[in-house]
Each structure stands twice: as structure tokens, then as C-alpha cells.
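Student: Sequence plus predicted model, see below.
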Amino acid sequence: MRARRRGRERLVNDTPAAPLLDVRGLKVHFPVRRGPFGRVTGHVRAVDGVSLALRPGETLGLVGESGCGKTTLGRALARAVEPSAGRVLYDPGDGGDPWDVGALSRRGLRAYQRQVRVVFQDPFSSLNPRMTLLRIVGDPLKAHGLASGSELEDRVADMLTRVGLSSRYMRRYPHAFSGGERQRISIARALILGPRLVIADEPVSALDVSVRAQILNLLLELREQLNLTYLFISHDLSVVESVCDRVAVMYLGKVVETGPTSPLYAQPRHPYTEALLSAVPRPDPRLRGAGRRIRLADDLPDPARPPAGCSFHTRCQAAVDGVCDVPGRPPELAPAGEGRLTACHRATDLTLTGVPALGPAVEGA
Ligand SMILES: Nc1ncnc2c1ncn2[C@@H]1O[C@H](COP(=O)(O)OP(=O)(O)OP(=O)(O)O)[C@@H](O)[C@H]1O
Ligand code: SF4
Ligand SMILES: [Mg+2]
């Protein structure tokens, strides 16, 4: 299953544009409550100091194991969950100053939430079964006071056509549609307000393999047509490879490596990225490369009690006692060449193994 990824080389080679979203030290800590009185006994550090930039027009992949904080980060960026600390600066593209998203007025926040929309993983549970397509897709327009009556119907019809559905289906309910069609409906709902940034949280994970490439290609076509920027959340590194310009790797609430997709896949600069990549399948044996599968020891540590120092040291095969496990000395993200950043104390003395390039993508295959 491959999708087209246009524009990657442009983004890799050009001077980076000013970020659309500039995330600085973002934290989302959930209180852990215990006992009959619900006393707070600790905090799950779901997002624990994330800094990253999303450039206009790019698709940034966010990868990492289940529970590392991908969805929480996406929700915090969409302002569906309140961050505990940090800043998010959004460039509205009008030549003015960036918006400090945490300091927006109620009206400003509504404007932000028109421009930043989310597509969820599960098109079965995320669509209200008692609402017609007209309402599912059109309600955001009504809620934001942007259209009503026949104008609203026209805009819904237009959006349905854009995502590959007939406007004749407008009065039908979600149960009449397949998984792929439902995800098209979710995408139409996300795009109806004319956003600039779409946070797609595992948008194809719940779909049959046979329709995944269609939905990925649709997302990429819409990106070109509507000048969209994507944060593409996925635990599937093959899907990310086929659609993303850049990748951010998350571990226990932190971004541990970022960089353009091809160089990052070819030669990771963080041992955790290397371990994730070692599991990426290559159907052609000639492309499997020299890398051996790295099995990560144990489960992800408890995000309420992350290991001291580098939080990956308990599972890292390259960890050095007295360097990687020193309390209060976590590795910070630092430049690692080719527009890349990595957070590893041993970044300069490790040679890590990636996966060989897949070659040109096959449209719709
Ligand atoms: N509302 C919440 N209250 C308490 N803890 C939460 C809440 N939401 C998420 N968490 C915890 O935060 C951590 C990160 O969860 P999150 O869903 O963001 O991970 P994820 O990377 O999206 O995982 P997956 O790949 O399974 O979707 C997990 O330990 C999760 O249990
Ligand atoms: S800092 Fe140490 S433990 Fe962490 S990734 Fe680098 S080598 Fe491994
Ligand atoms: Mg998730």
C-alpha cells in the first residue's frame, strides 16, 4: 500500500519557511487520583516538554509506541485539552504577529479552532449515527455562524464532491457507508470550515488495507488543492514514510528526534528511532538491508514515573551508566545535520542503522 507524496523534495531542499505552528516546551500532565477522596497522588506526563515547528504546506508525521502521547499532543494543539505548561504560537498568515494560542480570548479561540481541525482514527465511533451527512458535515458551519439554509447545503454538497462522495447522499445516515466512505465524511467535516492545519490522528489505522491508499491519496490531493498543512499521527512507520515530508519521533511524552523523512529513515540519529525502524517491513528482500530487528526490552515505562536522565535509558542498548541515567540530566534536542534534531547524549559517537529507500511511490497501489 503506497500513496503519493508530492512536494517532499521542495520542502527538504528549500530554506524552511516561518512555522505555521511553533510549539515550545508544551506539557500536558493528567492528575492521578487515588482513594475514596480522589487525592492526587501523581501526574501522568502524557506530553512532557515538546518543542517542534510545523511549516506551512508540509505533512509532519508524529510516530511512537502506543501511550507515548501522540493523541494528547494533537489534542493539545487543537486546544481540545488544556496544556499544563508551554506555549503554542500560530501564524494566521495575514502578515500580522503570531497568535499566542494559550492567551486567546474566547472569540480568538473560536477563530483558531476554525483554522485547526482534527480527523479522528475511528470513522465508526466519531460520526453520530443519528445525524444525516448534511448535519454531520454542515453543523460546524452553523455552529460558527458561517452559513445556513440553501447556502449551507451548497457548501456541504461541494465538500462532499471534493472528498469523492456524491452530494445525493446528503440525507443518508452514516450506517449506509463503508469504513472508507465514513472516513471521507470525517474529512469533509474537518475541512468544511476551511482550516489551514489538519491534525489527522491515525486516519487510516481503522480501515481495511485495501482502502488505506485511497484515503491517503485523498488527503494528499486535498493538501495540494486547499493549501493544507498536516500533523499526521501514526504508529505505522510505513504509512508515515509514504506520505510525510518530515517526521517527529516521540518517546514517553518527549520528541526525541525530528528530521526530513528520507534521511531520517536511511540513517536515524537516535537509538529509539533505530529500534522503531528495525521493525519496518521491506517486501523486497533486496531492500531489507543489513539492519537486524531490535526488540525493545520491557513495556513503555509508566509515564507517571519516567526514568531519570534519558527516559529511554532503561531500554536503550547504547545506554552508558553514569551518562544516560544521571538525574536532572536529560538529553536536550540538538542539531544533528541535514535539518535534523536529536536528543541523545551519544548522538555524535553512535552509528545507527536505518532502512533503505523504497524508491518511487506507486500511485494508488
Ligand atoms: N484524559 C486522560 N487522563 C489520564 N491519562 C490520560 C488521558 N488521556 C491520555 N492519558 C494517558 O496519557 C498517555 C498518553 O496517551 P495518548 O493517548 O496520548 O498516547 P498515544 O501515543 O496516542 O497512544 P496510541 O498510539 O495508543 O493512540 C497514556 O499513558 C494515557 O493513558
Ligand atoms: S542518551 Fe543514552 S540512553 Fe538515551 S538514547 Fe542516547 S545512548 Fe540511549
Ligand atoms: Mg493515540
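Tutor: Nice, I can see it. Numbers count the residues shown, from 1 in each chain. Ligands and ions are numbered 1, 2, ... in the order given.

Student: So what's the residue count around residue 353?
Tutor: 15 (other Cβ atoms under 10 Å). All C-beta atoms are positioned from the backbone trio N, CA, C, and that covers glycine.

Student: so where do the helices sit in the stretch 1-150 of the chain?
Tutor: 8-13, 70-77, 106-115, 133-143, 149-162 (DSSP state H, counting those that start in this stretch).

Student: just checking, what packs against the fourth one?
Tutor: Read it as helix 133-143. helix 149-162, helix 179-191 (3 or more Cβ pairs under 8 Å, 6 or more residues apart in numbering; DSSP states H and E).

Student: if we go to 10 Å?
Tutor: With contacts defined as 3 or more Cβ pairs under 10 Å, 6 or more residues apart in numbering; DSSP states H and E, the packing partners of helix 133-143 are helix 106-115, helix 149-162, helix 179-191.

Student: One more: the last one?
Tutor: Under the contact criterion of 3+ Cβ pairs under 10 Å, 6+ apart, helix 149-162 touches helix 133-143, helix 179-191, helix 209-226.

Student: buried set for it?
Tutor: By neighbour count on 16 or more other Cβ atoms under 10 Å, the buried set for helix 149-162 is 152, 155-157, 159-160, 162.

Student: related to what we said a few turns ago, so which of the helices and strands packed on helix 149-162 is the most packed in?
Tutor: Comparing those by mean neighbour count (mean count of other Cβ atoms under 10 Å), helix 179-191 comes out on top with a mean of 23.

Student: Show me what that one is packed against.
Tutor: If contacts are counted by 3+ Cβ pairs under 10 Å, 6+ apart, helix 179-191 sits against strand 116-119, helix 133-143, helix 149-162, strand 197-201, helix 209-226.

Student: tell me which helix or strand of the chain sits lowest on mean pLDDT?
Tutor: The weakest-scoring helix or strand in the chain, judged by mean pLDDT, DSSP states H and E, is helix 8-13 (a mean of 42).

Student: Tell me which of the helices of the stretch 1-150 of the chain sits nearest to residue 194.
Tutor: helix 106-115 (7.3 Å; Cβ to Cβ).

Student: Who are the contact partners of the closest residue to residue 182 other than its chain neighbours?
Tutor: Distances taken as Cβ to Cβ, 6 or more residues apart in numbering put residue 123 closest to residue 182, at 3.5 Å, once the chain neighbours are dropped. Residues in contact with residue 123 (Cβ atoms under 10 Å, 6 or more residues apart in numbering) are 174, 177-187, 203-204, 206-207, 215.

Student: how does it look with 8 Å?
Tutor: 179, 182-183, 185-186, 206-207 (Cβ atoms under 8 Å, 6 or more residues apart in numbering).

Student: just the residues you listed now: which is nearest residue 63?
Tutor: Within the contacts of residue 123, the smallest distance to residue 63 is 17.4 Å, found for residue 206 (Cβ to Cβ).

Student: separation between residue 188 and ligand 3?
Tutor: 22 Å (Cβ to the ion, to the nearest Å).

Student: need the contact list for that residue.
Tutor: 137, 156, 159-160, 162-163, 165.

Student: any idea which of those residues is closest to ligand 1?
Tutor: residue 163 (24.1 Å; Cβ to the nearest ligand atom).

Student: For the closest one, give me its contacts.
Tutor: So residue 163 contacts 184-185, 187-188, 191, 218, 222 (Cβ under 8 Å, 6+ apart).
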